[in-house]
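# Need a 3D model of the following:
(one chain, ligands or ions: 2)
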Amino acid sequence: MSSAPRDALEFPESDRGFLEPHLPSQDGSAPQSDLPFTTLTFATSLDSSLALSPGARTVLSGPQSKAMTHYLRSRHDGIVIGVGTAVADDPGLNCRITGVGGYGQEGLAGQPRPVVIDPTARWEFSDDSKLFQLCREGRGLAPWIITAVENPNAQKQALLERTHTGRHQIDWPDLLVTLKSNGLGSVMIEGGGQVIKSLLSPPDMSLLDSVIVTIAPTWLGEGGVVVSPARRFDEGGNAISAARLKNVKWYPFGEDVVLCGQIKLSD
Ligand SMILES: NC(=O)c1ccc[n+]([C@@H]2O[C@H](COP(=O)([O-])OP(=O)(O)OC[C@H]3O[C@@H](n4cnc5c(N)ncnc54)[C@H](O)[C@@H]3O)[C@@H](O)[C@H]2O)c1
Ligand SMILES: Nc1nc(=O)c(N)c(NC[C@H](O)[C@H](O)[C@H](O)COP(=O)(O)O)[nH]1
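Ligands and ions are numbered 1, 2, ... in the order given. The predicted structure follows:
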């Protein structure tokens with residue numbers, strides 16, 4: 001064991017049990033599938049906003065639910081975000097729970113693979129980007145960048161070689177099968193708004209095994225990045241809810257509430 005860095009987070013055993021039914025199994029008993037176990041997880045305000053504006057990094061989770069998100073990261077092989085989030089947040093996308101690789105443990109065990117969906121290669125990362133600093137410090141894995149552009153520049157080429165899709169619209173089943181075949185048996189999708197909206201729309205919502213949402217006791221106000229999937233209509237042309245959860249559990253967690261469930265696919 002090496003000593004944990006100062007940004008290490010604690011997530012006590014006593015807080016972990018409630019999440020277990022909503023997480024990928026740890027004992028290899030998962031059903032055989034070409035798809036990874038896929039969790040959609042994000043934090044939202046009371047007015048359904050993820051952030052104050054598309055370019056703004058906005059803290060919603062309190063300390064306990066922030067630590068929970070990092071625990072979720074330790075329980076998945078990969079974290080997927082859209083490029084809008086990469087540009088706005090300069091995210092670390094590693095797991096900072098005490099006891100994983102880089103946080104008290106040698107190596108990178110427990111660290112998820114960051115995956116950034118960037119069809120037009122617009123993320124202008126540099127050596128100073130948080131994600132790359134963490135990689136250099138041995139506290140996170142290098143990202144995979146999913147793009148439709150070939151040879152955008154020499155610096156990105158190494159990362160892109162295996163991942164360019166040739167298409168600008170991400171095909172979620174295709175992407176998830178590719179991630180699974182590259183060793184990611186489970187992925188958590190963290191956002192942002194466009195990514196969540198596309199996954200809460202049919203048919204892709206059926207790809208989600210678990211949904212875990214942190215709801216923070218705050219209203220961000222008008223102009224935020226709102227999670228509001230496209231309207232759906234029944235056969236008679238009447239509006240119906242866009243998406244709904246089943247097997248729902250609500251857990252108060254600090255000042256936040258954590259909502260866990262599964263997508264309800266039919267009535
Ligand atoms: N509160 C939270 O939990 C949370 C989580 C993540 C992001 N955020 C916030 O959300 C904001 C970013 O959200 P956003 O909606 O602007 O960006 P986003 O992260 O959803 O990225 C959007 C981009 O991703 C690509 N993309 C997404 N889905 C695609 C698809 N199906 N096919 C092809 N390309 C696709 C496109 O290039 C698109 O422009 C930021 O302010 C960030 O801080 C909050
Ligand atoms: N659970 C959660 N609560 C929040 O209040 C918030 N803003 C995010 N946002 C998720 C998004 O993916 C961010 O980009 C990463 O949370 C940043 O990642 P780091 O902490 O730097 O690793 N997620």
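# In the stretch 51-200 of the chain, mark out all the strands, start to finish.
With DSSP state E, counting those that start in this stretch, the ranges of strands along the stretch 51-200 of the chain come out as 78-82, 113-117, 144-146, 186-191.
# How many residues are close by the nearest residue to Ser206 once chain neighbours are set aside?
Using C-beta to C-beta, 6 or more residues apart in numbering and skipping the chain neighbours, the partner closest in space to Ser206 is Leu265 (5.8 Å). In this view, the C-beta of every residue, glycine as well, is placed from N, C-alpha and C. If you count neighbours by other C-beta atoms under 10 Å, Leu265 ends up with 13.
# Leu265 and Ile170, how far apart?
With distances defined as C-beta to C-beta, to the nearest Å, the gap from Leu265 to Ile170 amounts to 21 Å.
# So, low pLDDT: which residues of the stretch 101-250 of the chain?
Under the criterion of pLDDT under 70, the regions of the stretch 101-250 of the chain flagged as low confidence span 150-168.
# do that again at 90, thanks
Per-residue confidence of the stretch 101-250 of the chain (counting by pLDDT under 90) places the weak regions at 119-121, 125-127, 147-170, 230.
# Mind listing what's buried along the helix of greatest length in the chain?
Taking residue count as the measure and DSSP state H as the definition, the longest helix of the chain comes out as helix 63-74. By neighbour count with 16 or more other C-beta atoms under 10 Å, helix 63-74 contains the buried residues 64-74.
# ditto for stretch 185-202
Neighbour-count burial for stretch 185-202, with 16+ other C-beta under 10 Å as criterion, is recorded at 185-193, 195-200.
# what does stretch 91-100 give?
The neighbour-count criterion (16+ other C-beta under 10 Å) identifies 91-97, 99-100 as the buried residues of stretch 91-100.
# of these, list those near ligand 2.
Among the buried residues of stretch 91-100, the residues lying close to ligand 2 (C-beta under 6 Å from any ligand atom) are 91-93.
# Check these against Ser45 and report the nearest one.
Pro91 (19.0 Å; C-beta to C-beta).
# Need the max-distance pair from the buried residues of stretch 91-100.
Pro91 and Gly99 (21.4 Å).
# hmm, back to that, and ligand 1, which of the buried residues of stretch 185-202 reach it?
Cross-checking the buried residues of stretch 185-202 against ligand 1 (C-beta under 6 Å from any ligand atom) gives 190-193, 195, 198 as the overlapping residues.
# Any residue of the longest helix of the chain touching ligand 1?
No. With C-beta under 6 Å from any ligand atom as the measure, helix 63-74 is seen stopping short of ligand 1, the closest distance being 8.1 Å.
# Please list the outside residues in contact with that helix.
Contact with helix 63-74 is made by 9-11, 15-16, 19, 23, 39, 41, 43, 61, 79, 93-97, 100, 110, 112, 188, 190, 212, 214, 216, 253-254, 256, 258, as judged by C-beta atoms under 8 Å, 6 or more residues apart in numbering.
# Could you pull out the helices in this protein for me?
Using DSSP H, the helices assigned to the chain run over residues 63-74, 83-89, 130-136, 154-160, 172-181, 193-199.
# closest to Ala51 out of the ones you listed?
Among the helices of the chain, helix 83-89 sits nearest to Ala51 (C-beta to C-beta), with 7.0 Å.
# what's the closest one packed up against?
In terms of contacts (3 or more C-beta pairs under 8 Å, 6 or more residues apart in numbering; DSSP states H and E), helix 83-89 is packed against strand 113-117, helix 193-199.
# Return the distance of it from the chain's centre.
Distance of helix 83-89 from its chain centroid, counting by C-alpha atoms, centre = their mean, to the nearest Å, is 12 Å.
# what's the answer for stretch 25-42, then?
Mean C-alpha position of stretch 25-42 versus that of the full chain (C-alpha atoms, centre = their mean) differs by 14 Å.
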